[in-house]
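Model the structure of this input:
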Amino acid sequence: MFILIAVLGFITIAGLGFVLTGGGESGGAKAAKRAQVIVGGGERQAAARAKVAANTPDARRKQILKTLKEQDKKQKKATLTIAARLRAAGLGENVKMFWIISGVLGLMVMLVLLVVQKIPLVALGGGFAAGFGLPRWVVGFLAAKRTKKFTEAFADAVDIIVRGIKSGLPVHDCLKIIGKECPEPLAGEFRMLTENIGMGMPIDTALERLYERMPTSEVRFFAIVLNIQQKTGGNLAEALGNLSTVLRARKLMTEKIKALSAEAVASAFIIGCLPPGVMVLITVIAPDYMTTLFTDTRGRLMLLGAAIWMSMGIFIMRRMINFKF
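Numbers count the residues shown, from 1 in each chain. This next block holds a predicted model:
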């Protein structure tokens, strides 16, 4: 009996000693283990706080500003090449054909002026202007016209994406709907976008390609919204709905600016066309009165100076009435 009591007492004392000494671990090991637990918990709490802070409106605003600055830097560094202008105009990327047409046109105009005027400098200047200026102007005109059609229908395309997302469709399917049902050139650009995404291209890269083909502020805003939503999450339908509201407000402001500047545009057009028009009218009424300007060297210099001054005035007036926002 006494032996059993002694054994039980020994086991009890040994168990208490094992518990009090940390289960066989030294004080330093126990402290290190507790420190690791505390540090790990602190890191997890910091990561959770950072994740919550990343979804706040201020953090998203900072992310948007950062993305806008990066896009502005890329746009400033990028040069508008002939290939980019041809893509924006919807004429493909055949740069060689563009230069061939420019060279042939310039040569033809130079030969015609050389036969008619028989002045080598005038023929050379006219050929240079026709070869390098006229094709670029035509491409720029077509690109501006196509970009305008694209921009006018872009807000409706964003609304299609918003309604599709609210009804449960994926973003890729919404983009396909735009490529099928929207008018050109919006449909063609979005078809190319969905084809690039379908071939495995990341959506941010595909949107960057779209911006290269259509370098407009609307496309840039659209790409920024999708990229930020991919990085930070959030309600994409709400973000795109706000973007659609902004795009429609920009369109309304554009129409207001056109209405307010219509008088200035008409005045600039009249002032620019009045001197050449009067010159042509006098030439038709009294040809002998204007012949001296074309036959005498001093008259040619006067015409050259008048053309230079008129060009400078038209350029300045165009810059004054060209509102960018």
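
how close does I165 sit to L107?
55 Å (C-beta to C-beta, to the nearest Å). For the C-beta atoms, the positions are set from N, CA and C on the backbone; glycine is no exception.

Between these two, which has more neighbouring residues?
I165 (19 against 13; other C-beta atoms under 10 Å).

I'd say that one and V171 touch.
Yes. Under the criterion of C-beta atoms under 8 Å, I165 makes contact with V171 at 6.9 Å.

Now do the shared contacts for those two.
L236 (C-beta atoms under 8 Å, 6 or more residues apart in numbering).

elements contacting the longest helix belonging to the chain?
Counting residues, the longest helix in the chain under DSSP state H turns out to be helix 134-166. Contacts defined by 3 or more C-beta pairs under 8 Å, 6 or more residues apart in numbering; DSSP states H and E place helix 134-166 against helix 82-89, helix 95-116, helix 171-181, helix 186-198, helix 217-232, helix 236-260.

residues touching L260, list them.
If you count contacts by C-beta under 8 Å, 6+ apart, L260 has none.

Please tell me how far it sits from T254.
11 Å.

One more: I285?
Distance of I285 to T254, computed by C-beta to C-beta: 43 Å.

So which of those two has more stuff around it?
T254 (13 against 9).

Next one, pLDDT for the more buried one please.
According to the prediction, T254 has pLDDT 82.

Now do it against G90, distance only.
T254 is 22 Å from G90, by C-beta to C-beta.

what does V109 give?
26 Å.

One more: E263?
34 Å.

Comparing these two, which residue is more hemmed in?
Remark: of E263 and G90, G90 carries more neighbours, 17 against 10, as counted by other C-beta under 10 Å.

Please list all residues in contact with the nearest residue to L186 once chain neighbours are set aside.
With C-beta to C-beta, 6 or more residues apart in numbering as the criterion, L186 has its nearest non-adjacent residue at 4.6 Å, and that residue is A153. Residues near A153 by C-beta under 8 Å, 6+ apart: C182, P183, L186.

In TSV: the residues you listed, plus pLDDT, neighbour count and distance to F221.
Formatted as TSV, the contacts of A153 follow (pLDDT from 0 to 100; neighbours: other C-beta atoms under 10 Å; distance: C-beta to C-beta, whole Å):
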residue	pLDDT	neighbour count	distance to F221
C182	85	20	18
P183	84	12	21
L186	86	21	15
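
of these, closest to L121?
L186 (47.2 Å; C-beta to C-beta).

Quick check, that closest one in contact with I160.
No. Using C-beta under 8 Å, L186 makes no contact with I160, being 10.4 Å away.

Overlap of the contact sets of these two?
With C-beta under 8 Å, 6+ apart as the test, L186 and I160 both reach I178.

Centroid-nearest residue for this protein?
R220 (3.7 Å; C-alpha atoms, centre = their mean).

Can you tell me how far that one is from A237?
Distance from R220 to A237, by C-beta to C-beta: 20 Å.

where does the stretch 151-300 of the chain dip in pLDDT?
The model of the stretch 151-300 of the chain has no residue with pLDDT under 70.

What lies in contact with stretch 156-167?
171, 173-175, 177-178, 181-182, 186, 190, 222, 236-237, 240-241, 243-244, 247.

Buried ones among those residues?
171, 174-175, 177-178, 182, 186, 190, 222, 236, 240-241, 243-244, 247 (16 or more other C-beta atoms under 10 Å).

Specify which member of those is nearest to D296.
Nearest to D296 among the buried ones among the contacts of stretch 156-167, with distances taken as C-beta to C-beta, is L186, at 56.2 Å.

Distance across stretch 88-102, terminal residue to terminal residue?
This stretch, stretch 88-102, spans 19 Å end to end (C-alpha to C-alpha, to the nearest Å).

repeat for stretch 194-208
From its first residue to its last, stretch 194-208 covers 13 Å (C-alpha to C-alpha).
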